[in-house]
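**Student:** Sequence and predicted model, in that order:
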Amino acid sequence: MDSSVEKPDYENLEVIQRNRLPARAYWLPPAHLILNGEWDFQYAPSPLEASEYPPKDEKSNEAWAPITVPGHWQLQGYGRPHYTNVQFPFPSAPPFIPTENPTGTYRRNFKVPAEWDSNSQLRLRFDGVDSAYHVWVNGEFVGYSQGSRNAAEFDVTSVVKKGDENDLVVRVYQWCEASYIEDQDQWWLSGTFLGSLIVNEKLTGIGIFRDVTLLAFPEARIEDYFVKTNLDAQYQDATLEVDITLHRAQNNPLKLSLVLRDGDKQVASTEKVLDDNDSTFKFEVPIANPKKWTAESPYLYQLEIALKAPDAKVVQKIIQNVGFRKVELKNSLITVNGTPILLRGANRHDHHPVHGRAVPYDFLKQDLLLMKQHNINALRTSHYPGQPWLYDLADELGFWVMDEADLECHGFYDVVTQPVQPPPYLDYEGSKEEYFPKAAQFTSDDPEWHDSYLDRMVQMVQRDKNHPSIFSWSLGNESFYGANHVAMIEYARSVDDRLIHYEGDIKAQLTDMYSYMYPDQDRLKRHVEIDGIKDGKWQKPVILCEYAHAMGNGPGGLDDYQDAFRKYERLQGGFIWEWANHGLLHKDGYYAYGGDFGDEPNDSTFVMDGLVNSEHKPTPGLTELKKVFQPVKFEAKSGKVFITNEYDFIGLGHLEGEFLVQAMGDKVSLLASGKVEIPEVKPWETVELALPDLTQYQSHDEEVFLQVSFNLKEATKWAPASHKIAWFQHNISTDKEATTPASSTTAQAIDVKESRAAVEISGADWAIKFDRVRGYITKWSHGTDLLEMDTATRAAIYPCFWRAPTDNDKDSAVSVWKDYGVHRMTSQLRSFQVQKDDDSVTVKTVTYLAPPVLGWGYDITTNYRISSDGIVSMKLDLVPKGVFPKDIPRLGLNLRLPKTLNQVDWFGRGPGESYPDKKHSQAIGIWSSSVDGLEVPYDVPQGHGNRMETRWVRVVDADGHGIRASRRDQSTFDWTGSRLSDETVEKAKHPCDLVREEATLLNLSAKVAGVGSATCGPGVREDLKVKVEPISYEFVLQRI
């Protein structure tokens, strides 16, 4: 093709495909050959620089290199990965694409198995190629297709040589005009998405994914089928409706039979003798009271569809899992089998840390198992259809699936807003009305793009239509709203009755639900109580297609969303953004993000925003999500415990309960334990839980906690027996005062030595040194050192209001905090007084802690009381002065301990990190860890490791010597322990950049701010911020 005369297919809106067969339901005939393994490969910077194919010179011997299929060529030494979120990585001038259009030519041979019927129709099936491609077999052009995450099949019967080797060539173009509508928030990667188990030394352990497959169908065959389960008005009995499309061979009388089985039991059967001329058939089979499919009870039947010859010989047989369920809007709510559902969902991209979007089957399955184990019941295939297996697993394991078309053109928002820069008062919701119609004109509302949009809906619906787990078709993501979306909706409604979703239909004019992204609680309340309300009633439900952005140390505030889902019947849950970090394993051993491959422009770490890390191991955010999503709610009232069953369909009979009553002080004592009888409780019903009398423990000397756990009685397909589903902890003795170390009743000698620059206070076996120039303790020893001086501050313990920023701090709070210099406050000593009594020494300092340049700071009066046995209490009274910020990251003290003090135990929340808006998953207990074990290895280094509601913390060496910290009153406190300084954490781009201190850094905090989800969503709730206001707090330090 001469590109100077004709538009190339990959830049031609009139050519979406050539010779592609109509989309159909996914199944593979028994005769199929998966074309996996090592292919030959050529790479070129552009299509016109690629070798000509087929070659004019038969003697042409172009150089080929081996490449692994499946895979992306950017991950195998050709080109480089490129990450953007919204912005296009190329100039925006649709439908034109970059001249520099990397092109990969794949080649391999195959041979048709001799046992296949010689009359078979042969097809090549591609389950996903990014982004467009031409195909040749034996030098003959076979076809062209685009739509990276959609399948294509080509009839190759006439060009394949049976019995001989066949030459298959696939030429893949990184860019095509459809790249403008594949602008999803992920890596730009190219290459064929195929599959193999172990393929070569570069990429091992890969599973079958989005295969390239040679298929053989009988001459007379089932082309397609559509299974529907129509329930009656009472949701009891059903009609199994099966629509079948045939390809008829000439003059071949045939029969079609259906057999529905429940395991080994035959439930129903029917058969038809087919008229000679018909090619479409409908079966309607009554089924009396079948077991119903839900995400909580995913019961599947097996349907056998058989095409038979007159002598009953089976020509073709298909086995399809069937789930009887009915999805509809009823009483203006999303219902399944007449019952409203609550979506506890997550958005899921295809991702593997080595193979990119070529995700092995076992890796994908482990993702879904992990979701189920963490109480996730729904997933959105953001922002394209998933691998075919995903839906089989969702049917089997039980998920509500929102299947999303391969469509996003978010980059046009930047195109229309970058030149004008929206005014600061216009938030994202407001900008939709202002700028989305302008952005829609590029593709979504342009009739020339009609076929491209519609094709993506057709491909998805036709492939996935037989899966009971899919409750909704989604038109795509962040593509504004235009006539082409309307065409997609009209098509979907013409073939199927599932609900339609699209967030871009802001007023839900044609879709079945209002859908929003990242609202704070006030906006969420307005959406639920105002949008679409007429005469006090709503016509459509509300969901959050994206919320609680799970980037780094977060998300905070999950419980606020879940409380809103409980409160508002109309608000039917949503999908967390998102499931996994998208880090790619770099040759230097870290997980790379935007910019790490020299890719420009890029959106940096925004691709690292998952509930699991790049290895797909749980983060603390997923642990918190499991607790918040748990389907049993506990509440303690008036000495009794009540439970609410928050499943939508099932009772709690599959669970067994157990309880513990524990006293905690310096150690844990078990007071009582046993099994809990779980009463019969219907969905969303509340009942009292029968427990032993708890009042008997209220007079106990120590704090007493009740803990109740509900665990699986028996193993399921997704978790073993005894897997914990839900738990609850209650402090029976809420009014107990925390224990404060008592000073010795026997006065011991205490000595004070003063010089011009220092004061040393010592007892029989301990010594504390003050720097009277700066007013801080610089050393504390007890045989060995307990505190040592920090060279930067020249203090061993000093007040600090900073923490290393988290991802959720960086885009909002940090800039304000740094504008006010909170990260670089320095101290001025105003007065220093020493007073010696018989059994103690009091040191009183007045300091001014403030940043340079600015005119605000804290007046801090600190009273140190040091008893004769070496117990130190520090009481700080802080008064802000000047024009100060509204809030700061924390209020507390930083201590520098020798690195030999590297073992920690504490009485508080644990064992993991906790923050004011991310603490529910961490139980009160007495926990222990090494200092290094306290670190949270986020893929992107950031502030982490806070532990809340602590009564005491001890840091000791191998011999048990060290210090104990607590509060003087009954207040609890927060703390972190690490060998990483805040400065080191903030500067590090990757974990390999972290340099550990030759010390243990213990930070004690009277208050710590929450984490929120402000990278893309609301920040920290106002009452969970650390306000700048007068405050007093006191810590007690004791040598051990």
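**Tutor:** Done, it's in.

**Student:** Tell me which residues are up against the lengthiest helix in the chain.
**Tutor:** Taking DSSP state H as the assignment, the helix of the chain that covers the most residues is helix 450-464. Judged by Cβ atoms under 8 Å, 6 or more residues apart in numbering, the contacts made with helix 450-464 from elsewhere in the structure are 13, 16-17, 22-26, 147, 150-151, 177-178, 181, 224, 385, 388, 391, 403-407, 443-444, 470, 473, 475-476, 483-485, 487-488, 491-492, 495-496. Bear in mind the C-beta positions are built from the backbone N, C-alpha and C, glycine included.

**Student:** Just the buried residues of those residues.
**Tutor:** Neighbour counting over these (16 or more other Cβ atoms under 10 Å) leaves 13, 16-17, 23-26, 147, 150-151, 177-178, 181, 224, 385, 388, 391, 403-407, 443-444, 470, 473, 475-476, 484-485, 487-488, 491-492, 496 as the buried ones.

**Student:** Now intersect those residues with the strands, please.
**Tutor:** For the buried ones among the contacts of helix 450-464, membership in strands holds for 17, 224, 403-404, 470, 473, with DSSP state E as the criterion.

**Student:** so where's the stretch 201-350 of the chain uncertain?
**Tutor:** Low-confidence segments of the stretch 201-350 of the chain, defined by pLDDT under 70, span residues 201-209.

**Student:** where exactly do the strands run in it?
**Tutor:** Across the stretch 201-350 of the chain, reading from the start of the chain, the strands by DSSP state E, counting those that start in this stretch fall at 212-217, 221-231, 238-247, 255-262, 265-273, 280-287, 301-308, 314-322, 327-330, 333-336, 339-340, 343-347.

**Student:** returning to what we had before: closest to residue 882 among the ones in strands among the buried ones among the contacts of helix 450-464?
**Tutor:** The shortest separation between residue 882 and any of those is 51.8 Å, and it belongs to residue 404 (by Cβ to Cβ).

**Student:** From what I see, the closest one and residue 379 are in contact.
**Tutor:** No - with contacts defined as Cβ atoms under 8 Å, residue 404 does not count as touching residue 379, sitting 10.2 Å away.

**Student:** List the buried residues for stretch 780-791?
**Tutor:** With burial defined by 16+ other Cβ under 10 Å, the residues of stretch 780-791 counted as buried are 780-782, 785-790.

**Student:** do the same with stretch 245-265
**Tutor:** Of the residues in stretch 245-265, those buried under the neighbour-count criterion (16+ other Cβ under 10 Å) are 245-246, 248, 254-261.

**Student:** and those residues, which two are the farthest apart?
**Tutor:** In those, the most distant members under the criterion Cβ to Cβ are 248 and 261, with 27.6 Å between them.

**Student:** For residue 559, which three-state class applies?
**Tutor:** When the structure is reduced to helix, strand and coil (DSSP: H, G, I helix; E, B strand; the rest coil), residue 559 reads as helix.

**Student:** Please name the nearest non-neighbouring residue to it.
**Tutor:** When the adjacent residues along the chain are set aside, residue 559 lies closest to residue 628, with 5.3 Å between them (Cβ to Cβ, 6 or more residues apart in numbering).

**Student:** quick check, the one you found in a helix?
**Tutor:** Yes - with the criterion set as three-state DSSP, the secondary structure at residue 628 is a helix.

**Student:** That one reaches residue 920, doesn't it?
**Tutor:** Yes - in this structure residue 628 lies within contact range of residue 920 using Cβ under 8 Å: 6.0 Å.
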